[in-house]
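1. Everything below, folded, please.
(one chain, ligands or ions: 2)
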Amino acid sequence: MSSGLPTYYNADAVREVLTWPLVNKAVESALVAIVKEDHKMPSSSFAFQPKRTFTACGKEPGKILLTMPAYVGNYKLKSPRDPGEVEYTVACKLVTSFSGNPRRDLPLPSIQAHVLLFDYQTGQLSAIMEGTDLTTWRTVSASLVATKYLYFRRFGAQAEQERNINVAIVGCGVQGQLHAAAFCAHFRVRQLNLYNRTQAKAQDLAYQLRQKFSTESGTQINVCSSPNEACHDADIICIATYSKEPLINLASLKANQGVHINAVGAGENHFSEVAPDIYQRAKVYVDCYANAEAELVGLPAPITAEVGEIILDGNYPREAEISIFQSMGMASEDACVAQAVRYALSLPQRFPY
Ligand SMILES: NC(=O)C1=CN([C@@H]2O[C@H](COP(=O)(O)OP(=O)(O)OC[C@H]3O[C@@H](n4cnc5c(N)ncnc54)[C@H](O)[C@@H]3O)[C@@H](O)[C@H]2O)C=CC1
Ligand SMILES: O=C([O-])C1=[NH+]CCC1
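-> Ligands and ions are numbered 1, 2, ... in the order given. Model prediction:
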């Protein structure tokens with residue numbers, strides 16, 4: 001930052017280096033860093049992450065601005081070829097959620113973000129990074145990491161490579177689309193069921209995914225006319241809508257078998273998409289307690305643990321349990337991913353991971 005001005009990383013630059021190994025490593029680091037010190041070694045990574053703020057943008061609902069600050073210290077993000085160094089990151093994401101944006105004459109994403117990065121020694125603003133794709137990728141990555149530890153690991157250490165699964169996607173917006181592609185890319189998906197309120201969107205997604213995954217891995221991709229139809233045979237459910245009413249209930253799920261739900265959406269109203277009878281039967285995990293205390297007031301079940309605690313202590317759910325990852329999104333994920341993106345962009349050769 002020789003000029004004293006922060007470097008600007010636009011959306012194209014960020015997209016150039018967003019890869020799953022990079023994002024998954026950063027997100028897993030963040031999920032572990034926020035866990036309380038007494039669960040960790042003294043030399044472990046750590047994060048200070050106060051609860052985020054919500055500003056209503058006007059009197060009508062559906063328009064909010066979130067500020068998401070974090071400090072993450074003593075963590076490794078670099079490529080395996082550069083293993084020695086640790087990172088310290090001071091960052092703040094500013095993100096808006098304007099749920100009507102896709103319906104504008106010129107449609108825009110519902111979620112739009114920028115991440116500010118500061119020099120950890122001087123506090124100077126060193127970079128501003130477009131954070132819209134970063135937000136989508138890190139949110140999907142949090143679901144992937146949660147699914148690995150909360151679902152697959154209950155069946156053994158190799159299960160994520162070996163086990164065939166059925167996946168249901170409820171809501172095929174920006175989040176649902178990337179969840180669908182990423183789950184097919186990471187796991188052995190036998191059947192992928194897609195549901196969206198406007199069915200044409202699910203059909204478009206099915207068409208695109210079939211080009212890639214039906215022939216490559218034999219995944220059967222179906223468009224469903226209800227959330228129940230999508231979920232009745234699913235091992236993994238990813239739900240990411242703005243619905244204030246439950247879209248799935250206990251009767252929508254496979255009976256007496258292990259099911260994992262990534263509950264991603266519903267805006268400020270995080271847990272409205274999934275009916276209370278599921279919560280009452282499930283073990284509920286969150287990304288961080290700090291946000292949960294403020295944002296999950298009235299959650300119809302106790303919180304079992306943070307995902308990072310399960311990564312550290314291996315206390316996985318039992319095989320036939322229903323687990324819910326109540327994903328809110330957290331600033332340290334954005335901080336770690338933004339740091340990794342900046343590092344990847346600084347290398348003379350791209351794609352080091
Ligand atoms: N947990 C996290 O870290 C994050 C969560 N989110 C949340 O994920 C959700 C989806 O975000 P995007 O995919 O970016 O939005 P989007 O606007 O691209 O997609 C939303 C989808 O939900 C569907 N939908 C909306 N209202 C519905 C209703 N009442 N009933 C049924 N379907 C409905 C729409 O058809 C659309 O396909 C939002 O609630 C958003 O706040 C977004 C980013 C991060
Ligand atoms: O963590 C995040 O960026 C968001 N969570 C809900 C809306 C945006």
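
2. Show me which residues of the stretch 151-300 of the chain are close to ligand 1?
-> 171-176, 196-198, 201, 240-243, 264-267 (Cβ under 6 Å from any ligand atom). No exception for glycine: its C-beta is placed from N, CA and C like everyone else's.

3. repeat that for 8 Å
-> Within reach of ligand 1 by Cβ under 8 Å from any ligand atom, the stretch 151-300 of the chain has these residues: 170-177, 196-198, 201, 240-245, 247, 264-268, 270, 287.

4. What separation is there between the closest residue to Asn10 other than its chain neighbours and ligand 2?
-> Leaving aside its chain neighbours, Asn10 sits nearest to Glu130 (5.4 Å; criterion: Cβ to Cβ, 6 or more residues apart in numbering). Note on Glu130: its distance to ligand 2, by Cβ to the nearest ligand atom, to the nearest Å, is 13 Å.

5. now Asn249
-> Computed as Cβ to the nearest ligand atom, the Asn249 to ligand 2 distance reads 23 Å.

6. Please apply the same query to Gly171.
-> The gap separating Gly171 from ligand 2 is 13 Å, by Cβ to the nearest ligand atom.

7. cool, and Arg163?
-> As judged by Cβ to the nearest ligand atom, Arg163 and ligand 2 stand 29 Å apart.

8. Pop out the phi and psi values for Ile165.
-> Main-chain dihedrals, Ile165, degrees, to the nearest 10: phi -130, psi 160.

9. Now do the contacts for it.
-> The contact partners of Ile165, by Cβ atoms under 8 Å, 6 or more residues apart in numbering, come to 187-190, 235-236.

10. before we move on, which element is the nearest residue to Leu205 once chain neighbours are set aside in?
-> Distances taken as Cβ to Cβ, 6+ apart put Cys172 closest to Leu205, at 4.9 Å, once the chain neighbours are dropped. Using DSSP states H and E, Cys172 sits within no helix or strand.

11. Any chance of CSV for the contacts of Ile165, columns secondary structure, neighbour count and pLDDT?
-> Below are the contacts of Ile165 laid out as CSV (DSSP: H, G, I helix; E, B strand; the rest coil; neighbours: other Cβ atoms under 10 Å; pLDDT from 0 to 100):
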residue, secondary structure, neighbour count, pLDDT
Phe187, coil, 24, 97
Arg188, strand, 15, 97
Val189, strand, 23, 97
Arg190, strand, 16, 97
Asp235, coil, 22, 98
Ile236, strand, 25, 98
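
12. The residue in the stretch 201-350 of the chain positioned nearest to ligand 1: what's its closest spatial neighbour, skipping adjacent residues?
-> Per Cβ to the nearest ligand atom, the residue of the stretch 201-350 of the chain with the smallest distance to ligand 1 is Gly329, at 2.3 Å. If the residues on either side of it in the chain are set aside, Gly329 comes closest to Thr139, at 5.8 Å by Cβ to Cβ, 6+ apart.

13. Check which helices and strands the helix or strand harbouring that neighbour is in contact with.
-> Thr139 belongs to helix 132-150 when assigned by DSSP H and E. Here helix 132-150 touches helix 11-17, helix 20-33, strand 111-118, helix 174-186, strand 259-263, helix 307-313, strand 322-326, helix 331-346, going by 3 or more Cβ pairs under 8 Å, 6 or more residues apart in numbering; DSSP states H and E.

14. Any idea how far that helix is from the middle of the chain?
-> Distance of helix 132-150 from its chain centroid, counting by Cα atoms, centre = their mean, to the nearest Å, is 3 Å.

15. Up against ligand 2, what does the stretch 251-353 of the chain have?
-> So far as Cβ under 8 Å from any ligand atom goes, the stretch 251-353 of the chain lies against ligand 2 at 267-268, 270, 328-331, 333-334.

16. Out of the residues you listed, grab the one that's most surrounded.
-> Neighbour tally across these (other Cβ atoms under 10 Å): the maximum, 35 neighbours, falls on Glu333.

17. picking up where we left off before, just give me the neighbour total for the residue nearest to Asn10.
-> Residues within reach of Glu130, counting by other Cβ under 10 Å, total 20.

18. Filter the residues of the stretch 151-300 of the chain next to ligand 1 down to the buried ones.
-> By neighbour count, with 16 or more other Cβ atoms under 10 Å, these hold 170-177, 196, 201, 240-243, 247, 264-267, 270, 287 as buried.
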